[in-house]
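Enquirer: Mind looking at a prediction? Sequence and model below.
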Amino acid sequence: MQNILFEQATNKSLTKKWTQKIFRTGYKKDLEETDLYATLTQDKTNNLGEIIGKAWEREVESCAKKKNGSKPQLLRVLLRCFGKPLLLIGIAEAVMELFSRMYQPLLLATLLRYFAINKEEWSDEIYYSAGGIILLSIMDAFITHYCVHCSFHIGLKIKVACTALIYRKILKLSNSVLDSETSVGQMVNFLSSDITRLEASLVDLHYIWIAPLQIIWITYITFFEIGWAALIGITVFLLFMPFQAFLAKIIAPLTLKSAEKTDNRLRLMNQVITGLQVIKMYVWEIPFSNLVEKARKREMSVIKKYSILRQLALTLDCCVPRLSIFVAVLSYVLFGNYINAEKVYLVTAYYNVLRNSLIFGFSMGLHQLVQALVCIRRLRSFMLHDEITKTRENLICQTVTDSYALSMINVNAKWHGDGKEDTLRNVSLTVPPGSFIAIVGQVGSGKSSLLQAILQELPLTSGSIECRGRINYVSQQPWIFASSVKQNVLFGQTMDKSRYDEVIRVCQMESDINSFPHGDRTIVGERGMNLSGGQRARINLARAIYKDADIYLLDDPLSAVDSHVSRRLVDKCIFGYLKGKTRILVTHQLQYLQLADQIIVMNNGSIEQQGTFDQLQALGHDFMKLVKAADTKDKEIERRQSEIQRQISIKVETKDHGDILPIDTQETLAKGRVSRKTLFAYFKASKSPIMITLMMLIFVTNQVVSGGSDYFVAFWVNVESSSWHEMGNSTWDFQWEGPLSRDFMLYIYTAMIAAIILLWQLQTVVYFNVCMWSSINLHSAMFRSILRATMYFYSTNPAGRILNRFARDINIVDLLLSMCVFDIIVIGLITITVILMVIAVTPWLAIPTVLCVCIFIYLRMIYISTSRSIKRLEGTTRSPIFDLLGASLQGLTTIRASNAEEILMSDLCVHQDVHTSACFLFLSTSRAFGFYIDVICQLYIGAIIIAFTVIDGLAVVSNIGLLLTQTMALTNMLQWGIRQTAELESQLTSIERILEYSHLEEEPMIESKPDAKPSDDWPTKGLVKFKNVNLKYNPRGACILRNVSFIVMPKEKIGIVGRTGAGKSSVINALFRLACVEGEILIDDISTGAIALHDLRSKISIIPQEPFLFTGSLRQNLDPFDQYSDAILWQALQDVELKETISEMAAGLNTKVSDEGSNFSVGQKQLLCLARAIVKNNRIMILDEATANIDPYTDSLIQKTVRTKFVNCTVFTIAHRLNTIMDSDRIFVMDAGHLVELGHPYILLQQKGYFYNMVQQTGAAMTENLIDIATKVSSN
């Protein structure tokens, strides 16, 4: 980033010469991140976050001391932090609006009086008046743009400060809040929409109090000019104010409701994006599409109500000034007065001032204030959510003589404060320093909850926990963020080469790192999607042990690695590197229990048994039942296996290293100008060509009538002026000389005003309905494309990036883009009208007019080239913030256990500072451009005045008044209109981004044509054939499966084994056609390539490696298509032994599932996935390492259920424990993408090949047992 005297340059002058360099650079090339300046010190996230954080803490403490029960107010905090500079801006704006702009119409009246009466007599005064108008106009340009720049800058600071405040709060949120009171969607909405609205709310804020003062001042002046008619005209403005306040009052709850509906939609979108592979395999696109579309309809129903009110407000905004002038002129005439140019255009000029300050400034200020207060109220509610309370003394152990490292006394705890039963009940535990504790138990017994209570993540209802020493934690589900392998291990810690190398060694990662294309600098995708399960688990473990601690909580880190690696991790890491540390291990690896100093047996949230292995073995039944539960195939096998189950069981890693995909860590940045086709695509998305044609016709007609009414008033004034005749003795006589009667001209003027009001209302209704249809259809098209996209797209795009399109970009299309286009159309038509008037009245002014137009076009071309690049940078620099938010929420427990909150805050500061730099650059260049345009406009007005002053007989006085008032009014909106054209380009980048995601590469043939649809009972057999199958994830990459051929007979049970990178999961992905498949796969002799994906996938059941539950009812999770009766669902739950657990829940099948199923344990989620498969009862069943991270009893239950419930099905099992597939009909051994062995386990053992070597690595005892199982099955 550049930083050359930037800090000083930004404050030296209003014109900001440094922006000229940016304009030159942006005109020559597309700006990149390296062209951004370093963030100003005053704008740095760290500084602003600290300021607002301390202010919020003081506010909380202050309210806590009060006895009246008052709650902390975020608004008070913001005013304390940013109120003073905001007040100074208000004073500057008041000086400009109440003095400078008030004096210009008086000078205009002087000019018109000069032209109407006697030029010679007033020659000196006229030059003073003309010069005064020009100088005041230029001064206005300086003050206006300086104030607007400062307002936006303060808004930017508030956005940055609130981002830091929100993120810090997220890092402190309690789990109960995360599960029930907030969601990822809501937090994304905070950062994408709420604080953006807050940022833009300050620009017109001061007009709320300045505009009423202007009304008083203008009423006083105009009363002396036209008497009581002025009060009648002002009354129209006065009636408008309470009506606007009334509209604002109605809009406020709609804004809040809209934000809530957006939160719900984004929460659903987050689930879809993060779980799309499972959604595709379950063929849940339709139910999820229905859920999202329903959420979108609910959101749009609120936005539609908001839009109707906005249409009404906009009609009033544009018609009230014209109506006020009409009422004032009409009243003045009906009171028996005669109109003249001086009076009419003095009133018109003042009413134009009121239009800008009251109609636009006051109206927008009130609207923005309401929006801001709603956002502040939402943020305040979020900030008042419960935080995790870490009350334990985190003391570093000073001596080895401490009696305990951890003490739990009568602990009761539960996840949700309103739950009926405690998650942990009466738990008491003392852990000596340096000891190794093993925690075992069945699914849902409370093992992980015990660790969460120690970490203070699980709130206590009673009892106490004391930890002596620093704690580190290894989560059950590995947390990997999108960065290099090294950064995932270091996690913000200082690099110590010797310690780092030792950690890599003891975590058995050396061979993996050596195999990575860039070693430990290799970038891993979000959630480690391009790593195997074992690699993720070992990186997760390495991160924990690299940071020195006294107590290590290990939540089953051994489940995802094979037996050889598991043994070495225990020897080299847990009993080697961590020797002397306190280690508490939750495990299902019962072979390591004899090594434990103490074993804790959990059951139903309580410690059922506690002691050494020998002590528990002596106690007998319950403990040995747990140990023997590993396999219950028959009594003899159970006897043999139970003797050695606690010794070892093989685990093969969960994903294929060969499946690693290149991760695109940088978001694609569009280049060049936004195509006009993008704007056409926006309106075309409405699918209403007739309405679009009608809309444009109404726009043009409205402007023709509006311009005609203005010209008609000038004509009327000219007629009235020429109707006065001097009679002598300084007396004048009025004799009407118009072509029409005076009364008839009043009727014509009245009809024109009525037509304008009607056309404006019709114009806004038609226009905003077209925009709303476009918005709805664009969202639907993007969502449809996302659902149909290939899995390669998801592997190369982080969830935060995709979610940003559905958050910020859709928000822009819903609320901002329509107003931007509306402004451009209206201001463009007004500009054309004024230019035609100027040239028609005074042809000599065509020369400066054409010159100004050319200058405007040139400046716009330069500005748009720059602003387009900056706006794109602003969008792409925002995505890492959302990526960080998503990653932080996934690994929140790990982050807090590692005391790494400040590390994550530092990461946020880095990302936010880059984004702030882009925002500030856009703000500064916009202001500089607006200033240049305004100055040129003022010079153009000066040219008009000079032309009328110098050139004799150039025009009549009414035309002079018309042109000056029109051009002065146009000046106030022209630079806004030109900047809106630039803003349109930047907002159209959101349309570009939406359209980009609306045309993603889709999976081929998703739905069948009626004549190509297989029969409903297909497949009837379950015969599966692979013929020379090759598979690649990247269409341009290497093959992962190579020439794989096999035949699986109906009802055959297949076990698939292989080392890391062998291609096990790829076989399943080929069967589901989740990647590019070459060759032929047949099911019941029908090629899967000829079958639509929905028809194919719906006929294959799978229990995925990572169980997936979505937010909704339990019934929806089991039967999203609502195809089965409750009786069938309850029977499935009974088959997986969850019926009793679900029955005890108050809502039963209607029990709400929290985000990602967080209110169920991993094992329970696996069993619910098994229940789904039972309900569907397909002929082909796949277990994708489905027994990872669960206890032997649940493993046994799943195996038993599969053998009994799927006896007539073809079953593929990706091996997790070799003993679970030793009774398979055949084993497929994969290696480097090839099928190297296949056959009956017994036969493969006799061949002493790949499979034999794998069995030998399990150890002598297990080898004997596995051979015995294979022999027994072979003899049956």
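Expert: Cool, the structure landed.

Enquirer: I'd like the next helix or strand past the lowest-mean-pLDDT helix or strand in the chain.
Expert: In the chain, the helix or strand scored least confidently by mean pLDDT, DSSP states H and E is helix 635-644, which has a mean of 35. The first helix or strand that comes after helix 635-644 along the chain, using DSSP states H and E, is helix 676-684.

Enquirer: Show the average pLDDT along that next one.
Expert: For helix 676-684, mean pLDDT rounds to 87.

Enquirer: Strands of the stretch 501-650 of the chain, residue ranges please.
Expert: 523-524, 551-555, 582-586, 598-603, 606-611 (DSSP state E, counting those that start in this stretch).

Enquirer: Check which helices and strands the first one is in contact with.
Expert: Contacting strand 523-524 under the criterion 3 or more C-beta pairs under 8 Å, 6 or more residues apart in numbering; DSSP states H and E are the following elements: strand 483-484. Just so you know, the C-beta spots here come from the backbone N, C-alpha and C atoms, and that holds for glycine as well.

Enquirer: For the strand it packs on, give the mean pLDDT please.
Expert: Here the average pLDDT along strand 483-484 is 83.

Enquirer: Mind giving me the packing neighbours of it?
Expert: Short answer (3+ C-beta pairs under 8 Å, 6+ apart): strand 483-484 packs on strand 523-524.

Enquirer: Leaving out sequence neighbours, find the closest residue to Ser1158.
Expert: Spatial nearest neighbour of Ser1158, excluding adjacent residues (C-beta to C-beta, 6 or more residues apart in numbering): Asp179 at 5.2 Å.

Enquirer: Ignore what I typed, I meant Gly434.
Expert: Nearest non-adjacent residue to Gly434, counting by C-beta to C-beta, 6+ apart: Gly580, 5.1 Å away.

Enquirer: Check Glu387 too.
Expert: That would be Lys172: by C-beta to C-beta, 6+ apart, it lies 4.2 Å from Glu387.

Enquirer: returning to that earlier point: next one: the residue nearest to Gly434 from Ala549, what distance?
Expert: Separation of Gly580 from Ala549 (C-beta to C-beta, to the nearest Å) stands at 12 Å.

Enquirer: Looking at those two now, which is surrounded by more residues?
Expert: Neighbour tally, Gly580 and Ala549, criterion other C-beta atoms under 10 Å: the higher count belongs to Ala549, 20 against 10.

Enquirer: For the more buried one, which residues are in contact?
Expert: 469-472, 581 (C-beta atoms under 8 Å, 6 or more residues apart in numbering).

Enquirer: Looking at these, state which has the most neighbours.
Expert: Ile471 (24 neighbours).

Enquirer: measure that residue to Gln42 for me?
Expert: 38 Å.

Enquirer: what does Arg298 give?
Expert: Distance, Arg298 to Gln42, by C-beta to C-beta: 41 Å.

Enquirer: just Phe190 next, same as before
Expert: 23 Å.

Enquirer: pLDDT wise, what is Ile663 at?
Expert: At Ile663, pLDDT is 44.

Enquirer: likewise the one 5 residues further on?
Expert: If you check Thr668, the pLDDT there is 54.

Enquirer: Can you give me the end-to-end span of stretch 1130-1147?
Expert: Separation of the first and last residues of stretch 1130-1147 by C-alpha to C-alpha, to the nearest Å is 13 Å.

Enquirer: Go through that stretch and flag the buried ones.
Expert: Buried residues in stretch 1130-1147, counted by 16 or more other C-beta atoms under 10 Å: 1130, 1132-1133, 1135-1136, 1138-1139, 1142.

Enquirer: ditto for stretch 841-858
Expert: Neighbour count says stretch 841-858 has 841-842, 845, 848-849, 852, 856 buried, by 16+ other C-beta under 10 Å.

Enquirer: just stretch 231-244 next, same as before
Expert: Under 16+ other C-beta under 10 Å, the buried positions of stretch 231-244 are 232-234, 236-237, 240-241, 244.

Enquirer: For those, name the two members farthest from one another.
Expert: Pairwise distances across those (C-beta to C-beta) peak at 19.7 Å, for the pair Ile232 and Gln244.

Enquirer: so where do the helices sit in the stretch 751-900 of the chain?
Expert: Using DSSP state H, counting those that start in this stretch, the helices assigned to the stretch 751-900 of the chain run over residues 791-795, 799-804, 810-811, 817-841, 846-890, 892-897.

Enquirer: swap in the stretch 151-300 of the chain?
Expert: 175-180, 184-189, 195-199, 207-226, 228-274, 276-282, 285-334.

Enquirer: which one of the ones you listed lies closest to Val1175?
Expert: Per C-beta to C-beta, nearest to Val1175 of the helices of the stretch 151-300 of the chain: helix 276-282, 11.5 Å.
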